[in-house]
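> Test case, fold it:
(2 chains)
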Amino acid sequence: MLAFELERPRSLQEAISILEKFGNRAMPKAGGTDLLMWMKDRLVTPEVVVDLSLIPDLAGVNFSKDGLRIGAMATCTEVLESAAVEDHFPALRDACLSHSDWLIRNRATVVGNVCSAVPSGDVMPALYCYDATIRIVGPRGERSIPINKFILGPRKKDMIAGEIVTHVFLPLPEGKSSGCYLKLGRRNALDLAQVGVACVAIDGKNGREYRLAYGAVAPTPVRALEAEKALQGIKAPDDALLEKVSALAKEAVKPIADVRAGVEYRLAMVGELTKRAIDTCVERLKEE
Amino acid sequence: MTKREVHFTLNGRSVTYEVEPRTTLLRALRHHGVTSVKRGCEEGECGTCTVLLDGVPVKSCTVLALEVEGRSVLTAEGLVGKDGKLHPVQQAFVEEGGIQCGFCTPGMVLTTYALLKKNPDPSEDEIRLALAGNLCRCTGYTGIFRSVKRAAELLKDQA
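From the prediction side, this is the model:
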C-alpha cells in the first residue's frame, strides 16, 4: 500500500473540513473492507484517509415509527441483528447475511456498501425496494437524495469533495409486508453476486403492491417497474403471470458477461429468481 | 510517513507500537512477534489473520493498526493460560484432529471462541455460517466442525 496520512476526526464538522481541505486527495473510510483493498491494488491512491469511526453521530441503527435510520458506521452484523430490521425490513436482513462472511460483516458497513457503488453490492437492491434515502452533509449543508439518484454508475455516486453520507433512511412500509433477497453466487460465502434479486410485497391501502430490484445485472441496481405494475393488486400470482413478470424483469436489466457469469445465464437467472422471490414473499405474507 | 504511537491492550497487557498510518494491524502484530496471526491472502478473504477486537472477530488485514488505539486485541497467544495450559477451544482442536498444516488454526480457534461466547450450543448450520470466513485447504472441515462441537462440550463442563 502506498503511504498516506490517517486522520481520525471526532466530529462531523472536523471531518468535513479535512475532506474539503484535501479535496480529491482525501477519501473517507468507514469499515475499510473495500477501501483498504482498493488502496492495496492502487485502484485508489488517497494521500489522506479520513477514518469516520470515532464520530458519534454516525453510529448505530435506530428505529422509530417513521422508519429506520442506519448510521454510516453501522456494520452489516449490527444491521442484520437488529430486531427492527428482522421485523420490518427482511429483504435487507437477507442482503446483509448474504454479504461476505461473519468476520467481514463485523467491519463492513451497510452505508459503505452503498458508497462503494459496485454493481454487485448486496445491500443495494433491498434499499432500492425500500425506497431508501441517502442523507449527506457537506460544506454547503445537508441534503437528501433517493438512492437511485445517488448511484450513478459503477463506483460512481452523486457526491462532491467534502461531503459525507451520515446515514441511510428507510421509510416504514405502509402496511403489512414481507421481503427477501435471493443471491446467486458460485458459493454461499465470500462471493460477489452473479445475480441478486430483492423483492418486497406490501399490503397497503391500494391493495397488494410489489417491488423488485436487481443487482449485478446492470451498471447500477435497477427496479423492474413494469414487472411491479403487472403484479399490482394480485395476492396469488399464477404461473402465467409469473412468466410474464419474469419476462418483464429481464427487459429491465442489462447484464454483461464477466468472469462470474455470461449474459444468457444471468438473464435466465433473473427470470428464475424473480419467480422464486415473488413466491417467497407471497408465502411469507400468508404465514403471518 | 512519520510513525505514530498506538496504545492498546494485547492479550490483557498494555502495549505501545510505533507504526506508519498504512501499517495494518496484521503487519504490526507480526512485526512485534505475535506470529499466531498469519499473513495469508492479505485481502480479507482467507481469515488466517483473524483476531478478536473488543471481543469481536475481524480480519486484521482489514484493520489499520492506528485504529486499535485504546481498544483490546486478543490473539491465540492470549488464549493460553498462565500455566501454559491450552484453552478448552485449543484443546478440542488437538483432541479432534481439527488441524493438519496448522496455518488456519489460530484463526479457526479465535472464531470458534467468539462463536461459543455468543452461542454456547451452536447447530451444525450455525457453525458453518460462523466459520465461513476462515478457509482451510487441508482438512475438508469435518475435523474442524467436530472440534467446535467438542469445544462447546468442554466449555459446558467447565462452567
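
> If you count residues, where's the longest helix of the chain?
If you meant another chain, say so; for now it's chain A. The longest helix of chain A (DSSP state H) is helix A:263-287.

> should've been chain B
helix B:142-158.

> Show me which residues of it are buried.
B:143, B:144, B:145, B:146, B:147, B:148, B:150, B:151, B:152, B:154, B:155 (16 or more other C-beta atoms under 10 Å in any protein chain shown). C-betas here are computed from N, CA, C, even on glycine.

> just to revisit the earlier point, just the residues contacting the longest helix of chain A, thanks.
With contact meaning C-beta atoms under 8 Å, 6 or more residues apart in numbering or on different chains, helix A:263-287 is reached by A:90, A:176-182, A:184, A:194-195, A:197-201, A:203, A:210, A:212, A:214, A:216-217, A:224, A:227, A:231, A:235-237, A:242, A:245-247, A:249-250, A:253, A:255-257, A:261.

> Can you give me the separation between the residue nearest to the spatial centre of chain B and residue B:38?
Centroid check for chain B by C-alpha atoms, centre = their mean gives residue B:110 as the closest residue, at 3.4 Å. To residue B:38, residue B:110 is 11 Å away according to C-beta to C-beta, to the nearest Å.

> which residues of chain B fall in strands?
Remark: strands assigned in chain B by DSSP state E are B:4-10, B:13-19, B:50-53, B:56-59, B:72-74.

> meant to ask about the stretch 151-288 of chain A
A:151-153, A:156-157, A:164-171, A:176-184, A:195-204, A:207-215, A:222-223 (DSSP state E, counting those that start in this stretch).

> For the residue of chain B found nearest chain A, which non-adjacent residue is closest in space?
Residue nearest to chain A within chain B: residue B:133 (3.0 Å; C-beta to the nearest C-beta). Nearest non-adjacent residue to residue B:133, counting by C-beta to C-beta, 6 or more residues apart in numbering or on different chains: residue A:101, 3.0 Å away.

> low-confidence ranges in chain A?
Applying pLDDT under 70 to chain A flags the ranges A:288.

> Quick test: name the residue nearest the centre of it.
Short answer for chain A (C-alpha atoms, centre = their mean): residue A:124, at 1.9 Å.

> Quick check: that one is in a helix.
Yes: counting by DSSP: H, G, I helix; E, B strand; the rest coil, residue A:124 is part of a helix.

> quick one, what contacts it?
A:113, A:114, A:147, A:151, A:213, A:215, A:221.

> From residue A:183, how far off is it?
Distance from residue A:124 to residue A:183, by C-beta to C-beta: 12 Å.

> Get me the contact residues on chain B for chain A.
Counting by C-beta under 8 Å from any C-beta of the partner chain, chain B comes close to chain A at B:1, B:20-22, B:24, B:42-45, B:47, B:50, B:56-59, B:61-64, B:66-67, B:69, B:111, B:129-130, B:132-134.

> what's the burial count for the residue of the stretch 1-150 of chain A found nearest chain B?
Nearest residue of the stretch 1-150 of chain A to chain B: residue A:101, at 3.0 Å (C-beta to the nearest C-beta). Per other C-beta atoms under 10 Å in any protein chain shown, the neighbour tally for residue A:101 reads 25.

> If I follow the layout properly, it ends up in contact with residue B:111?
No: when contacts are counted by C-beta atoms under 8 Å, residue A:101 is not listed as touching residue B:111 (9.6 Å).

> Kindly point out which residues are neighbours of both of these two.
Taking C-beta under 8 Å, 6+ apart as the contact rule, the neighbours common to residue A:101 and residue B:111 are B:47, B:133.

> picking that back up, between the strands of chain B, which one is closest to residue A:81.
strand B:56-59 (11.9 Å; C-beta to C-beta).

> Give the other helices and strands that that closest one contacts.
helix A:102-105, strand B:50-53, helix B:105-118 (3 or more C-beta pairs under 8 Å, 6 or more residues apart in numbering or on different chains; DSSP states H and E).

> any chance of the ones you listed in CSV, with distance to residue B:10 too?
Listed next are these as CSV, based on distance: least, C-beta to C-beta, whole Å:
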stretch, distance to residue B:10
helix A:102-105, 19
strand B:50-53, 9
helix B:105-118, 14
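
> Show me what counts as buried in stretch B:116-131.
For stretch B:116-131, by 16+ other C-beta under 10 Å, it's B:116, B:122, B:127, B:129, B:130, B:131.

> Going by the annotation, which residue ranges form each domain of the chain?
Because you didn't say which chain, this covers chain A. Domain ranges of chain A: A:5-51, A:61-171, A:176-287, per automatic domain parsing.

> actually chain B
B:4-75, B:88-158.

> With mean pLDDT as added columns, please give the ones you listed in JSON lines.
Output for the domains of chain B, formatted as JSON lines (pLDDT from 0 to 100):
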{"stretch": "domain B:4-75", "mean pLDDT": "98"}
{"stretch": "domain B:88-158", "mean pLDDT": "96"}
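
> Using CSV, lay out the ones you listed together with distance to residue A:161.
Output for the domains of chain B, formatted as CSV (distance: least, C-beta to C-beta, whole Å):
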stretch, distance to residue A:161
domain B:4-75, 20
domain B:88-158, 34
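
> Of all the ones you listed, which one is nearest residue A:4?
Comparing the domains of chain B by C-beta to C-beta, domain B:4-75 comes nearest, at 5.8 Å.

> quick check, distance from that closest one to the centre of its chain.
With C-alpha atoms, centre = their mean, to the nearest Å as the basis, domain B:4-75 stands 10 Å off its chain's centre.

> rewinding a little: can you give me the angle the longest helix of chain A makes with strand A:195-204?
If you take axes from the mean of the first three to the mean of the last three C-alpha atoms, to 10 degrees, helix A:263-287 sits at 30 degrees to strand A:195-204.

> who touches residue B:151 in this structure?
By C-beta under 8 Å, 6+ apart, the residues touching residue B:151 are B:88, B:89, B:91, B:92, B:93, B:112, B:116.

> Of those residues, which belong to helices?
Using DSSP H, the contacts of residue B:151 in helices are B:88, B:89, B:91, B:92, B:93, B:112, B:116.

> out of these, who's nearest residue A:2?
Among the ones in helices among the contacts of residue B:151, and counting by C-beta to C-beta, the member closest to residue A:2 is residue B:112, at 36.0 Å.
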